[in-house]
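Student: A structural model of the following input is requested.
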Amino acid sequence: MKPLPRRTKIIATLGPATDAAGVLEGVLGAGVDVVRLNFSHGDKAHHAQRVARVRSIAHRLGREVAVLADLGGPKIRIEKFGEGRVVLAGGQPFTLDCRDDAPPGDENRVGCSYLGLPRDVRAGDTLLLDDGLIALRVEEVAGPEVRTVVLAGGRLSDRKGLNRLGGGLSLGALTDKDRADIRTAAELGVDFIAISFCRSAADVHETRALAEAAGSHAGLVAKIERSEAIENLGEIIDASDAVMVARGDLGVEIGDAELPGLQKKIIRESLARNKVVITATQMLQSMVDSPIPTRAEVLDVANAVIDGTDAVMLSQETAAGSHPQRAVEAMARICLGAERQFRMDTDFEAAPRNLQKVDQAIAMAAMFLAEHIQVRAILALTESGSTARWLSRFRSEVPIFGLSRHEGARRRMALMRDVFPTAFDSRGLPPAQAARVAIKHLFDLGFLEAGDRVMITSGDTMEQRGATNTLRMLAVGADGVAEGMGTL
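Tutor: Prediction:
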């Protein structure tokens, strides 16, 4: 019988490194489940070319690989310097010039992409540049100028990011470019759209309305990277389909000492609210240059897996690193090691009560039985993938096979921990026969063997979204045909 695949999913960012000949094939073959398109870079034609290559290679490999379009969002940056870079010394004055016609910068001042910055800051605030490497204290605001003194200096180059310690900048989550990029994402048929610098549920609702108007039903990923998002965490999770712990800007805004606890909180809250959760940013950062990760990075990835994250993400490691395939292989190896060494017990006492959805109730019943009756696997016959998502929220050692005829549903399930998307067409089959055929299908694929017991969820009415209302227990016979059919 085939060994079960890795349960935790891997997201890899595409970039110049994966555009090189043969690299994308190696990265996908190493086990990537979702590819990320960074819409902060590149144009529509470039993104379309990458999507086409991913779809072609995934088909050739016989794998379900989803595409995530990551919107650039209102990233605040300084503008360019006349000489490309300067060196700032501690104690020196430095001005942020918030005019749209600010001249090229020098060691005394530089332009800022966010012209509203003078309205949002006051004397005594701390501004952080280049992911916190350079710190400025605001001394005064004079018209369009934010005059500061350098607290922590260093080398500063063009277009570096700017954050306010503690958050509080008022710009919205979506820019005009993001709105255009949502239309592009819809045309490309992406499976997920990530909202950068999400502040509240309203940002998610606006993005969903724009995506649906463009003809897209992509899942929405809310990136938690602002301090305001922490204050509105519950409503953001409820409004989204998935949540990303975006540790870069979040760490800059709230301080690195608070980040570990918040990561655990976001993962815990997402699972409690039945949403997919991704852990991202600098997970294997040393592998941008090194062929092996540091021990600290190994522990970081493993800790996220043990905490229950659905997916872990590689950014610069695959987009621009020297060892993209090795980074994916290392990530997969670490995830498998953490999964082998730690068993997560499902706390049914903490499970939601008074469920309104029948498919959610069926999923809870299936996972409860899986914890108390030895079964080899759970099979979800699903149109949209929603039943598989409900099942995957209850962390268990029992694998979940999401069987669907819809490519989009299978790709969405590629982001869910413990779920293994599988192509299966149940059209024309009554539920009981569809269950038997599904068992035989997985038996022929090598994932089941004679004597295994499995549970299968389906609906009395097949080929209908949200119709799951039946749970069956089956035993696999010598030839893969189900025996001892029972309905619960």
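Student: before we move on, which element is the spatially most central residue of the chain in?
Tutor: The chain has residue 278 as the residue nearest its centroid, 4.0 Å off, counting by CA atoms, centre = their mean. Assigned by DSSP states H and E, residue 278 falls within strand 276-280.
Student: Run through who's touching that strand.
Tutor: By CB atoms under 8 Å, 6 or more residues apart in numbering, the surrounding residues in contact with strand 276-280 are 11, 219, 221, 241-247, 263, 266-267, 270-271, 304, 308-313, 315, 389, 415-417. All C-beta atoms are positioned from the backbone trio N, CA, C, and that covers glycine.
Student: From those residues, which land in helices?
Tutor: Per DSSP state H, helices hold the following members of the contacts of strand 276-280: 247, 263, 266-267, 270-271, 304, 389.
Student: Show the end-to-end separation of stretch 417-426, please.
Tutor: Taking CA to CA, to the nearest Å, stretch 417-426 runs 24 Å from one end to the other.
Student: Which positions within that stretch qualify as buried?
Tutor: 417-422, 424, 426 (16 or more other CB atoms under 10 Å).
Student: How much space separates the residue nearest to the centre of the chain from residue 453?
Tutor: To residue 453, residue 278 is 33 Å away according to CB to CB, to the nearest Å.
Student: before we move on, the earlier item: what lines up beside the strand holding residue 278 in the sheet?
Tutor: Strand pairing for strand 276-280, using DSSP bridges, gives strand 242-246 (parallel), strand 311-314 (parallel).
Student: got any ranges where the chain has weak pLDDT?
Tutor: Residues of the chain that meet the criterion pLDDT under 70 lie in 1, 344-356, 460-467, 480-488.
Student: let's see it at 50
Tutor: 485, 487-488 (pLDDT under 50).
Student: still on that earlier bit, which among the buried residues of stretch 417-426 gets closest to residue 439?
Tutor: Distances from residue 439 to those, taken as CB to CB, are shortest for residue 424 (10.7 Å).
Student: can you pull the contacts of residue 286?
Tutor: Contacts of residue 286 by CB under 8 Å, 6+ apart are 293-294, 297.
Student: Show me just the buried residues among those residues.
Tutor: 293, 297.
Student: In helices only, show me the contacts of residue 286.
Tutor: Short answer: the contacts of residue 286 in helices (DSSP H) are residue 297.
Student: Going along the chain, name the helices of the stretch 251-400 of the chain.
Tutor: 259-272, 295-307, 316-319, 324-341, 358-372, 386-392 (DSSP state H, counting those that start in this stretch).
Student: Distance of the nearest residue in space to residue 104 that is not next to it in sequence relative to residue 134?
Tutor: Excluding its sequence neighbours, the residue lying closest to residue 104 (CB to CB, 6 or more residues apart in numbering) is residue 82, at 3.9 Å. From residue 82 over to residue 134 the distance is 18 Å, taken as CB to CB.
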